[in-house]
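Sequence first, then the predicted structure, then my questions.
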Amino acid sequence: MMPCTVKGVVNAQFIKPALFSAWLVLLASFACFAQDEDSNPAGSDPKDQPQKIQIPTDPTIESTIEADEGDASEVVPERQFSSWNQYEGKYFTARAGGGFLYDTAAYAQDTQSKEQFPLEFSYKIRDFRFLLAGKFPEFKRSVTYSFGIMYDAPTRSWLIRQTGVMVALSEKWGHLFIGRTKEGFSLNKVMTGYDGWTMERSPMNDATVPLLADGFKWLGYLPKHGLMWNVGYYNDIFSKGQSFSSYSSQEVARLAWLPIRAVSETHSLLHLGINVRYGKPAENKLQLRSRPEAFPAPYFVDTGKFAATATFMAGPEVYYRRRNWLFGSEYWVQKVDSPSTHNPLFIGGDVAATWIITGETRTYNTVGGFFRAVSPARPVFQGGPGAWELVSRYSYINLDSGTLSGGRFGRFSEQLNWYLSGNVRLEFNYGYGHLDRFDLRGNTQFFQSRIQLQL
């Protein structure tokens, strides 16, 4: 075993077993706090038993989740078609959906930026997917399923998206998902891309956290203590060779605490989370790269492929919501076991602020620990203005470490989101980015737009 040569960082191969064992013990302890306080031992006086604490409800906080991470719906006992895309039966339900994203991007570059990457106006399909989700009403506990397929524009192929089964273990033990899903690292990554406040996730997020993984994920929430957990194990038995599969196996843990979840007209909520991740790169090779938050653009930062036996990531996430304001930040480091490149250490993250001008509040899901899309109170197609949201964000990534020179990139972004309804959204973004790579320091202005349709 090679000792870590990066000062102040413990070797990831030593951290892995100890860290995840400690996390599992800790999470099991948290789950024990959720014993049903309404139950009384035989022969005991109910007056002597502690009363169950009633957690007040807030319409902007939801505590249910399904396999497709969509909204829960009531089970209809009689077999019927409730709408053209939804079936409610006695033994199973099914809802068909889909999504479509179309991007345009124009650029203004200085001389050094043009030498790094000459860019031209471009337009491209960003995402095109079909979804099917439902539940099995006959089971005593909630059992839901999801199936998704997406057209991957860069590879011009169809990929299986979020697909699997989610089982509600119990109120205190949470849910278990088996199949293809998000790993659970990073609130912004867990969110559906269609729900995010910006067009793209931060470059550090895209470069270091795979979009999907095959395995199982255990997640839950203890309302009395305001604690949320998410633990998963994944491998590439079924996904090996696919564009998103860069690891042969990975273990991920995420723990969040909601110290503020007040029920009042302010809808105040404070989310404090910590993420850890250990992964083994496929074929002992790793490549980190990311576009500059513009899908039609090339990869601005890129380490190229290099030898690596393991990676360890850790970092915090902080989000605060008050009425129609939302502030948030995520930051993490990734240490790579790669003696040939001097065990590089990569860093990055982002900080963002959003203001929904029309007054709506983003709903927060306590089980998954993420925010939903903005739902306009007065949709355009019903004679209203829709919902308007202003977003400011700064993101940063540094892939220069060890012998690798993947580049450093930072970007300021201002975005306007117009939610015409729950199904139609228009996005307009201006960004200013600075890239330090190829011994050049280039500045690029980004002018982007997106049409988003979903069902």
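Thanks, I have the structure now. Nothing here was measured: the structure is a model prediction, and the numbers come from that model.

Excluding chain neighbours, give the residue nearest to residue 126 in space.
Spatial nearest neighbour of residue 126, excluding adjacent residues (C-beta to C-beta, 6 or more residues apart in numbering): residue 101 at 3.8 Å. Bear in mind the C-beta positions are built from the backbone N, C-alpha and C, glycine included.

List the contacts of that neighbour.
Taking C-beta atoms under 8 Å, 6 or more residues apart in numbering as the criterion, residue 101 is in contact with 125, 126, 127, 128, 194, 450, 451, 452, 453.

just residue 368 next, same as before
65, 69, 190, 219, 230.

for it, helix, strand, or coil?
Judged by DSSP: H, G, I helix; E, B strand; the rest coil, the three-state class of residue 368 is coil.

if we can go back for a sec, for my notes, confirm the residue nearest to residue 126 occurs in a strand.
Yes - assessed by three-state DSSP, residue 101 belongs to a strand.

where's the helix or strand that contains residue 97 relative to the chain centroid, distance-wise?
If you go by DSSP states H and E, residue 97 is part of strand 93-109. A distance of 17 Å separates the centroid of the chain from that of strand 93-109, by C-alpha atoms, centre = their mean, to the nearest Å.

again with stretch 187-195
Worked out by C-alpha atoms, centre = their mean, stretch 187-195 lies 4 Å from the chain centre.

same question, stretch 249-263
12 Å.

Stretch 412-425 now?
18 Å.

do the same with stretch 297-308
Centre to centre, stretch against its chain (C-alpha atoms, centre = their mean), the figure for stretch 297-308 is 22 Å.

List the buried residues of that stretch.
Neighbour counts over stretch 297-308 (16 or more other C-beta atoms under 10 Å) mark 297, 299, 300, 301, 302, 303, 306, 308 as buried.

can you check stretch 224-237 too?
226, 227, 228, 229, 230, 231, 232, 234, 235, 236.

Including distance to residue 363 and secondary structure, could the contacts of residue 368 go into TSV?
Listed next are these as TSV, based on distance: C-beta to C-beta, whole Å; DSSP: H, G, I helix; E, B strand; the rest coil:
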residue	distance to residue 363	secondary structure
65	12	coil
69	13	coil
190	14	helix
219	17	strand
230	18	strand
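
Most neighbours of all those residues, which one?
Each of the contacts of residue 368 was scored for neighbours by other C-beta atoms under 10 Å, and residue 230 scores highest at 28 neighbours.

From residue 184, how far out is it?
To residue 184, residue 230 is 4 Å away according to C-beta to C-beta, to the nearest Å.

mind checking the SS state of the residue lying closest to residue 379 once chain neighbours are set aside?
Spatial nearest neighbour of residue 379, chain neighbours left out: residue 421 (4.0 Å); criterion: C-beta to C-beta, 6+ apart. At residue 421 the chain is in coil, as set by three-state DSSP.

how far away is residue 421 from residue 60?
The value you get for residue 421 to residue 60, if C-beta to C-beta is used, is 19 Å.

For the two, indicate the residue with more neighbours.
With neighbours defined as other C-beta under 10 Å, residue 421 and residue 60 compare such that residue 60 has more, 19 against 16.

residues in contact with the residue nearest to residue 379?
376, 379, 380, 381, 386.

what about residue 356, distance to residue 398?
32 Å.

Have a look at those two and say which one is more surrounded.
residue 356 (23 against 19).

Which pLDDT value goes with that one?
We have a pLDDT of 98 for residue 356.

Does it have any beta-bridge partners, and if so which?
residue 389 (DSSP bridges).

hang on, isn't it packed against residue 386?
No - counting by C-beta atoms under 8 Å, residue 356 sits too far from residue 386 to count as a contact (10.9 Å).

how about the strands of the stretch 51-200 of the chain, start to end?
Assigned by DSSP state E, counting those that start in this stretch, the stretch 51-200 of the chain shows strands spanning 61-62, 80-83, 86-88, 93-109, 122-135, 143-152, 157-160, 163-170, 174-181.

quick one: which helix or strand includes residue 314?
With DSSP H and E as criterion, residue 314 is part of strand 310-322.

Pull out the buried positions in that strand.
So, applying 16+ other C-beta under 10 Å, buried residues of strand 310-322: 310, 311, 312, 313, 314, 315, 317, 318, 319, 320, 321.

same question, stretch 284-294
Applying 16+ other C-beta under 10 Å to stretch 284-294 flags 286, 288, 289, 290, 291, 292, 293, 294 as buried.

Looking at those, which is nearest residue 169?
residue 286 (34.7 Å; C-beta to C-beta).

Could you find the closest non-adjacent residue to that closest one?
Residue 286's closest residue in space is residue 308 (C-beta to C-beta, 6+ apart), at 3.9 Å.
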